[in-house]
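**Student:** here is a sequence with its predicted model. Questions after.
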Amino acid sequence: MTLTLTLREQPEAPVRADEALRPDRLASLGRAEIEALELWHGNRRAALGELFAVSGAGAQDVRVEGDLSRVAGVGAGMGGGRLVLAGGAGPRAGAGMGDGELVVEGDAGDAAGAGMRGGRLIVRGSAGRRLGGAYAGERAGMRGGEIVVHGDAGQEAGGGLRRGLIAVAGQVGPAAGLNALAGTIVALGALGAHAGAGMRRASIVAMTAPDLLPTYARACTYRPPFLRLCLRRLRALGLPVTDAQIDGLYTRWSGDGLELGRGEILILEAAA
Amino acid sequence: MMRLHGTEVVDTFAEAFGMWGARVVITAETPTWAQHAARSLTGFATSVIGCKVEAGIERLLEPSDTRDGRPGVSVLLFAPDADGLAKRLVERVGQTVLTCPTTACFNGLAVEEEVDVGGQLRYFGDGWQASKVLDGRRYWRIPVMEGEFLVEERFGIVKGVGGGNLIFLAQDARAALRAAHDAAEAMRTVEGAILPFPGGIARSGSKVGSRYPSLMASTNHVLCPTLRTQIDDSDVPDGVNAVFEIVIDGLGPEPVGEAMRVGLQAAARTGARQITAGNYGGKLGEHHFHLRELVG
């Protein structure tokens, strides 16, 4: 059984869902209780029922119909269940989520999956800035889980990344992995400039040669065994990973030399 | 006494013991390298009496069967207790798989109880090791001269069964070995079971204890044809001149029983004169596999 929320009309002011739109919380509530949940609509509190029509109840499988690009924090902090957004999502979709699956059929706004701790965020469209990143003033961003973006990602994807996997089928904007502590970022499309700036231990995987910072040094060309696992996992999650990428040789660039220098950027070598 | 395809089957049972088991999946660039590692990993692991662990190759794996999409080998290891099994896994994976070109090593049992293997081997990286978590499982990347060795951190262990057995008696060594060989071939098709002795067959079945106090096991003299006339309790019938034994360890009683069933059928067709099983009167082992139930 699925709980369906349908956006009645495009909100006049931005809406902040905070942690109200979490399938693991909605599962324990009756329809009237769900409709009574409060959200911020601009500068006033509004009942969820004013903004969304509710059908069904008592399910950890939640579907939201409508364009939520003006709704912030959908699925933020969710600890289980499955939430599908039929349209786009505003800022901070899935931020801080710990478990479950959030699927955004359209585009996701800035800071999607920021501070995420577990679970899976799938964006069928593109994601904005600071995907899986850290909030301003925080050292660490995403701490676990998987983010899969079928379109492009904006700048500073994986900024402050501490653990987990971020994979983007399209282009990844500048400064991916900025100050990343660990974790993995895979760019199947073009990787923007300044990738890995300030990175300590993380891995960035690129399928085309990016403009590398001079603080990265070439180590060797080899087939990283973990990458086979990682790329096969991404293929299983629906990303267009090719056999050539799975079987290919990668050149390892170590850095950032201005930081700990234990990070790596792995760049696929063109087949001979 | 029962008869199966003309072979006498003694109405007795095999007495087996609880052991802890693990499944290790080794992958490599080619099947040959995976098998090199697997043979090395399972070497000198015939009996816990002298090897501390019993191990064998379970089956060869196609690339489609493995996590990294490369050819592989599945290996089972058994030890009397969980701590001992954990130590043997670290020792053996560290000495035989980590060292073998192109290999990677994965847990093959998705169970609740786990022991730390990759998490111990990581220290070989001398501080340069790195871990990755994929789909909830942690892997360790250990830098080696070839590039990197990838090993999963934790390996599942289960309460299995060790010491299932069949004993084949025939008119001469060639006939007895042919029967045991065919039985072993049939048993190898059973998933979840291994035959830890060389080629799956032991010629030197043992009994508990010895006239020499320092030995915990000695030759099973009642089944030694050369001693028939020297002892009062020989179990070697007239006309039998050679005896072989197959020991079976499994991840549970079911694969051990199934391996014994198919082995019994195969050996009876090949022409063993008599098939029996070893036990200690039923007082030592918690698992009893009655040949009567396997014949039917």
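**Tutor:** Happy to help now that I have it. Numbers count the residues shown, from 1 in each chain, chains lettered A, B, ... in the order given.
**Student:** list the strands paired with the lengthiest strand in chain B, with their directions.
**Tutor:** The single longest strand within chain B, with elements called by DSSP state E, is strand B:154-170. Here strand B:154-170 has these sheet partners by DSSP bridges: strand B:13-27 (antiparallel), strand B:114-116 (antiparallel), strand B:242-250 (antiparallel), strand B:274-276 (antiparallel).
**Student:** would you turn the ones you listed into a markdown table with mean pLDDT and distance to B:A266?
**Tutor:** (Glycine included, C-beta is placed from N, CA and C.) Putting these into a markdown table (pLDDT from 0 to 100; distance: least, CB to CB, whole Å) gives the following:
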| stretch | mean pLDDT | distance to B:A266 |
| --- | --- | --- |
| strand B:13-27 | 97 | 16 |
| strand B:114-116 | 98 | 35 |
| strand B:242-250 | 98 | 11 |
| strand B:274-276 | 97 | 10 |
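**Student:** would CSV of those with mean neighbour count be doable?
**Tutor:** Formatted as CSV, those follow (neighbours: other CB atoms under 10 Å in any protein chain shown):
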stretch, mean neighbour count
strand B:13-27, 24
strand B:114-116, 17
strand B:242-250, 25
strand B:274-276, 24
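**Student:** could I get those in TSV, plus columns for distance to B:R292?
**Tutor:** Listed next are those as TSV, based on distance: least, CB to CB, whole Å:
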stretch	distance to B:R292
strand B:13-27	8
strand B:114-116	38
strand B:242-250	18
strand B:274-276	12
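**Student:** which residues touch the closest residue to B:E286 other than its chain neighbours?
**Tutor:** Distances taken as CB to CB, 6 or more residues apart in numbering or on different chains put B:G18 closest to B:E286, at 5.6 Å, once the chain neighbours are dropped. By CB atoms under 8 Å, 6 or more residues apart in numbering or on different chains, B:G18 lies in contact with B:K159, B:G160, B:V161, B:G162, B:E286, B:H287.
**Student:** apply 7 Å and report the result again.
**Tutor:** B:K159, B:V161, B:E286 (CB atoms under 7 Å, 6 or more residues apart in numbering or on different chains).
**Student:** just give me the least confident of those.
**Tutor:** Lowest pLDDT within the contacts of B:G18 is found at B:E286 (93).
**Student:** which residues of the stretch 151-272 of chain A lie near chain B?
**Tutor:** Residues of the stretch 151-272 of chain A lying near chain B by CB under 7 Å from any CB of the partner chain: A:163, A:165, A:184, A:201, A:222, A:224-226, A:228-230, A:232-233, A:246.
**Student:** pretty sure B:F124 sits against B:I142.
**Tutor:** Yes. Assessed by CB atoms under 7 Å, B:F124 is found in contact with B:I142 at 5.6 Å.
**Student:** neighbour-wise, which of those two wins?
**Tutor:** Neighbours per residue, other CB atoms under 10 Å in any protein chain shown: of B:F124 and B:I142, the larger number sits with B:I142, 21 against 16.
**Student:** and the pLDDT at residue 181?
**Tutor:** In the absence of a named chain, this looks at chain A. Model confidence at A:L181, given as pLDDT, is 96.
**Student:** that answer is for a different chain, and I need it for chain B
**Tutor:** For B:H181, pLDDT reads 98.
**Student:** in three-state terms, label it for me.
**Tutor:** helix (DSSP: H, G, I helix; E, B strand; the rest coil).
**Student:** could you pull out the strands for the stretch 151-296 of chain B?
**Tutor:** Counting by DSSP state E, counting those that start in this stretch, one finds strands in the stretch 151-296 of chain B at the ranges B:154-170, B:193-194, B:206-208, B:217-219, B:242-250, B:274-276, B:287-290.
**Student:** next one: the stretch 1-150 of chain B
**Tutor:** Under DSSP E, counting those that start in this stretch, the stretch 1-150 of chain B gives strands at B:2-4, B:7-9, B:13-27, B:54-61, B:72-79, B:104-107, B:114-116, B:130-134, B:137-144, B:147-152.
**Student:** contacts for the first one, please.
**Tutor:** It refers to strand B:2-4. Residues from elsewhere that reach strand B:2-4 (CB under 7 Å, 6+ apart): B:V9, B:D11, B:L264, B:A268, B:R292, B:V295.
**Student:** of those residues, grab the buried ones for PyMOL.
**Tutor:** Per 16 or more other CB atoms under 10 Å in any protein chain shown, the buried members of these correspond to this PyMOL selection:
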select buried, chain B and resi 9+264+268+295
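**Student:** using JSON lines, lay out the contacts of strand B:2-4 together with pLDDT and distance to B:V117.
**Tutor:** Output for those, formatted as JSON lines (pLDDT from 0 to 100; distance: CB to CB, whole Å):
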{"residue": "B:V9", "pLDDT": "97", "distance to B:V117": "41"}
{"residue": "B:D11", "pLDDT": "96", "distance to B:V117": "43"}
{"residue": "B:L264", "pLDDT": "97", "distance to B:V117": "36"}
{"residue": "B:A268", "pLDDT": "95", "distance to B:V117": "41"}
{"residue": "B:R292", "pLDDT": "96", "distance to B:V117": "41"}
{"residue": "B:V295", "pLDDT": "91", "distance to B:V117": "41"}
